[in-house]
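[1] My questions are about this predicted structure, shown below with the sequence.
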Amino acid sequence: MITVEGLSKSYNTVQGSIQVLDNIQLNVRKGDIFGIIGFSGAGKSTLIRCLNRLEEPDTGRILIGDEEITALKGAALRKARQKIGMIFQQFNLLDAKTVYQNVAFPLEVGGYDKAHIRTRVREILDLVQLSDKENSYPSQLSGGQKQRVGIARALANDPTVLLSDEATSALDPETTYSILELLKDINRQLGLTILLITHELDVLQHICNQMAVIEKGRIVETGTVDKLFFNPESQTAQRFINIIHQYQSRRFAVEGVGAGI
Ligand SMILES: Nc1ncnc2c1ncn2[C@@H]1O[C@H](COP(=O)(O)OP(=O)(O)OP(=O)(O)O)[C@@H](O)[C@H]1O
C-alpha cells in the first residue's frame, strides 16, 4: 500500500546542507497500523511530510496505492493528495470555521455538490462521535475533540491511507487513549491503512502491528511491535526499552513486590 525506495532529503541551513533522511526503504501493507518510532530530531516529521510531498524529497520513489507520488505534479499531485488523509499534533483546524465547515472544506475543494457534502460530513461526524458539535468553533472544543475534527476532516475524502504526525502528543494520557481507540476502530471498520510517527512506545504498543525504528535519518530496524519489545536490535530500540525497564525497576525498589503489575 505504501512503498518507499531510496528516499533521501537534506535541508539547506546557514551552516550548510544537513542530511536528514538517508536512503529510507519502507513497505507498509494494506490494513496495517504502522508506527515509525524515533527520538527527537531523528527525521520522523520530515519523513511523513515527504510521503504527501509537503516536503520535497531529494531522491527516491514513493508509491501510495496505485499512485507514484514522486512522479506527480500540479493538478495530478493535488488530486492524489485528496486520497492521503493527514492529522497533525497541533490539529491545524481553521479557527474561523465551525466543525461542520472544517470537515466540509476538503469536500468543497474536491468540487462535490452541497447535498453530497452534507451527507458525508454528517456521516463522518457520527463516526468520530461529534454530531452534537457541528456548529461549534475549534476554540470551544477540548484538545481531544479538536483532534476528532482533524480525523473527520482527514477522512472526508475517503482516503486510501491516513498519515498521523504525532497526533496524540499534545493530549493528556486519557484523551490519547480515546483517540488511539478511535484510530483502531477506523482501521477495523474501514480497513484503512494508517502510518503514524511517534516518540512514545505506549502509542506503538497500543495500536500498531508493524513498526520501523528511525535513527539519524536511517531506518535501523523493522518488524512486528512484539519484536521491538522482546528482541530490540538497534541502539535506539534498546534505549526505548531500557527507559521502560529502568522505570519498572525504580517502581519495584520503591513499592516492592507486585509493583507495576
Ligand atoms: N525546515 C528545516 N530546515 C532545516 N532543518 C530542518 C528543517 N526541518 C527539520 N530540520 C532538521 O531536521 C532534523 C530532523 O527533524 P524532524 O522534525 O524531521 O525530526 P523529528 O524526528 O520529527 O523530531 P521531533 O520528534 O523533535 O519533532 C532536525 O535536526 C531538524 O532540526
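    Good, I have the coordinates. Numbers count the residues shown, from 1 in each chain.

[2] Show me which residues of the stretch 1-150 of the chain are close to the ligand?
    With C-beta under 6 Å from any ligand atom as the criterion, the stretch 1-150 of the chain meets the ligand at residues 11, 13, 20, 38, 40, 41, 42, 43, 44, 45, 46. Quick note: C-beta positions are derived from backbone N, CA and C, even for glycine.

[3] What about the residues you listed, which are in strands?
    Using DSSP state E, the members of these that fall within strands are 11, 13, 20.

[4] show me the contacts for residue 193.
    1-2, 28-34, 160-162, 187 (C-beta atoms under 8 Å, 6 or more residues apart in numbering).

[5] Below-threshold pLDDT in this structure: ranges please.
    251-261 (pLDDT under 70).

[6] Which parts of it are strands?
    Listed from the start of the chain, the chain has strands (DSSP E) covering 2-13, 16-28, 33-37, 59-64, 67-68, 84-88, 161-165, 193-198, 210-215, 218-224.

[7] Which one, of the ones you listed, ends up nearest to residue 131?
    strand 84-88 (19.4 Å; C-beta to C-beta).

[8] can you give me the angle the closest one makes with strand 59-64?
    100 degrees (axes from the mean of the first three to the mean of the last three C-alpha atoms, to 10 degrees).

[9] what's strand 84-88 packed up against?
    helix 143-155, strand 161-165 (3 or more C-beta pairs under 8 Å, 6 or more residues apart in numbering; DSSP states H and E).

[10] Can you get me a residue count around residue 29?
    11 (other C-beta atoms under 10 Å).

[11] Contacts only, for it.
    Counting by C-beta under 8 Å, 6+ apart, residue 29 has contacts 1, 193, 210.

[12] how about CSV for the helices and strands packed on strand 84-88, with mean neighbour count and distance to residue 24 added?
    Formatted as CSV, the helices and strands packed on strand 84-88 follow (neighbours: other C-beta atoms under 10 Å; distance: least, C-beta to C-beta, whole Å):
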stretch, mean neighbour count, distance to residue 24
helix 143-155, 23, 23
strand 161-165, 24, 15
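
[13] Is stretch 208-224 in proximity to the ligand?
    No. Judged by C-beta under 6 Å from any ligand atom, stretch 208-224 and the ligand are separated, with a smallest distance of 7.0 Å.
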